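> I would like the atomic coordinates for the input below:
(4 chains)
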2 protein chains.
Amino acid sequence: MSRKNQTSELKSRVMEVALGHFSEVGIERTNVSNILNDAGCSVGSLYHHFGNKEGIAEALFIDGVNQFNSRLLEALLPRRTASTGIKAIVTFCCEWVTDQPELAGFLLSREVTLSDNAKLELRQMDREFGQSIYDWFVPHVKSGALLELPTSMYVPLICGSTLEYSRLWLSGRNSRSPGAVAAILAEAAWQSVKSSP
Amino acid sequence: MSRKNQTSELKSRVMEVALGHFSEVGIERTNVSNILNDAGCSVGSLYHHFGNKEGIAEALFIDGVNQFNSRLLEALLPRRTASTGIKAIVTFCCEWVTDQPELAGFLLSREVTLSDNAKLELRQMDREFGQSIYDWFVPHVKSGALLELPTSMYVPLICGSTLEYSRLWLSGRNSRSPGAVAAILAEAAWQSVKSSP
DNA sequence: GAAATACTAGAATAATGTTCTAATGTGGTA
DNA sequence: TACCACATTAGAACATTATTCTAGTATTTC
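Numbering: from 1, shown residues only, chains lettered A, B, ... in the order given. This is a model prediction of the structure:
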């Protein structure tokens, strides 16, 4: 196997192993040495590739957000009405959390403290993502289908309940998965942002 | 001053100082030695009273939840209609977060890993609190004013948006405080759980 | 007033994340 | 092919920092 492939395989092995530990006991309480053992990686390699323990978390975080963002757009952009769009967002979130609970729990945990570089990268990603979302929303607000609100309130209103429910489910405190209650959450979200007659 | 007073003063001084550090840089990144210096406390005393660093966080967490729960009940229980009750919950949350951002940020951060003892104590608190809340809700669900839903969904639906908005505000990403948008959040929460005609 | 107990103190220890120096193998280039 | 530059690997040494431990001090209690 070529050096490049070996390297990228090592990196993903480390990230996979780390995600398991992180989501089980949190970043702080996972030992670097455990990751090294489980991934078959040397101290030198790990610090060469990731800088430090947080660097692994950072890579996982950015990967996760990227994946989430692009799939959400795939689910949202084809929708033509406000109602189906809003419900598509919520339903997508529910399924995403249900399908990959480890990654979802990790992203929702807010444990990661990003370096300045990662913050910049993430801000850039966010800008692009936000723009696409914004473009989808504008016509529905203009047409009067959606409430006109401060921009920063749409995400909490549409996704807040779902994220909160997901956190509860991920911490094992209720049995029904987000996927199983997606319809309720979607309807509730729609009720909270639709423009009432 | 009596020993008891001296002691309890030291404990609250430590907790106050610790909260400042925790909410600023997180539990992991605050040094025990900084807490010791700022609170004028010796290593021995701190470990005698709190067991370890997490013990301080745990005490803060339990105190915070207690305070939040009892004040929320004060705000909710006097309300006689479903609509005013739901809105009172949301409004209270907004004000509470806005009034004590440090404590709120700490509680919302989910950084605290509770010991088994603390978990038991918290579960007990939660049971009592949950019961009071439940008793308030039942009649409004029976009367048809509120949607009938799986029990575990009311909190996310009612508070999810507010908590999500609060997290955003606490992380400095939007300027309007939760208190300033309480009315919008309260109305949205109401729309999402009221029984539609 | 004496004994028991709660508390304080800080040096010593242990755990663990990170750095450093040296070796190793690969891909490109003459 | 031969060789060089460089990315990568290795793990021992180091540094930081949470925690333990032993001894000493003050208070309450009887």
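> so how far is the top helix by length along chain A off the chain centroid?
Assignment by DSSP state H gives helix A:116-142 as the longest helix of chain A. Taking Cα atoms, centre = their mean, to the nearest Å, one finds the center of helix A:116-142 at 14 Å from the center of the full chain.
> how about that helix: buried residues?
A:A118, A:E121, A:L122, A:F129, A:I133, A:W136, A:F137, A:H140, A:V141 (16 or more other Cβ atoms under 10 Å in any protein chain shown). In this view, the C-beta of every residue, glycine as well, is placed from N, C-alpha and C.
> just stretch A:7-22 next, same as before
By neighbour count on 16+ other Cβ under 10 Å, the buried set for stretch A:7-22 is A:L10, A:K11, A:V14, A:M15, A:V17, A:A18, A:L19, A:G20, A:H21, A:F22.
> Show the contacting residues for the residue lying closest to the second one once chain neighbours are set aside.
In this case it means A:K11. Leaving aside its sequence neighbours, A:K11 sits nearest to A:H49 (Cβ to Cβ, 6 or more residues apart in numbering or on different chains; 5.6 Å). Neighbouring residues of A:H49 by Cβ atoms under 8 Å, 6 or more residues apart in numbering or on different chains: A:T7, A:L10, A:K11, A:V14.
> For the helix or strand hosting the third one, C-alpha coordinates in PDB please.
The secondary structure element spanning A:K11 is helix A:3-25 (assigned by DSSP states H and E). What follows is helix A:3-25, C-alpha atoms only, in PDB (Å, rounded to 0.1, in the frame of the first residue of the first chain):
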ATOM      1  CA  ARG A   3       2.400   5.800   1.900                       C
ATOM      2  CA  LYS A   4      -0.600   8.200   1.200                       C
ATOM      3  CA  ASN A   5      -3.100   5.400   1.600                       C
ATOM      4  CA  GLN A   6      -1.400   4.100   4.800                       C
ATOM      5  CA  THR A   7      -1.500   7.500   6.300                       C
ATOM      6  CA  SER A   8      -5.100   8.300   5.500                       C
ATOM      7  CA  GLU A   9      -6.100   4.900   6.700                       C
ATOM      8  CA  LEU A  10      -4.300   5.600  10.000                       C
ATOM      9  CA  LYS A  11      -6.000   8.900  10.300                       C
ATOM     10  CA  SER A  12      -9.400   7.500   9.800                       C
ATOM     11  CA  ARG A  13      -8.700   4.600  12.100                       C
ATOM     12  CA  VAL A  14      -7.700   7.100  14.800                       C
ATOM     13  CA  MET A  15     -10.700   9.200  14.300                       C
ATOM     14  CA  GLU A  16     -13.100   6.300  14.300                       C
ATOM     15  CA  VAL A  17     -11.600   4.900  17.500                       C
ATOM     16  CA  ALA A  18     -11.500   8.400  19.100                       C
ATOM     17  CA  LEU A  19     -15.200   9.000  18.300                       C
ATOM     18  CA  GLY A  20     -16.100   5.800  20.100                       C
ATOM     19  CA  HIS A  21     -14.300   6.900  23.200                       C
ATOM     20  CA  PHE A  22     -15.300  10.500  23.100                       C
ATOM     21  CA  SER A  23     -19.000   9.600  22.700                       C
ATOM     22  CA  GLU A  24     -18.800   7.100  25.500                       C
ATOM     23  CA  VAL A  25     -16.900   9.000  28.200                       C
END
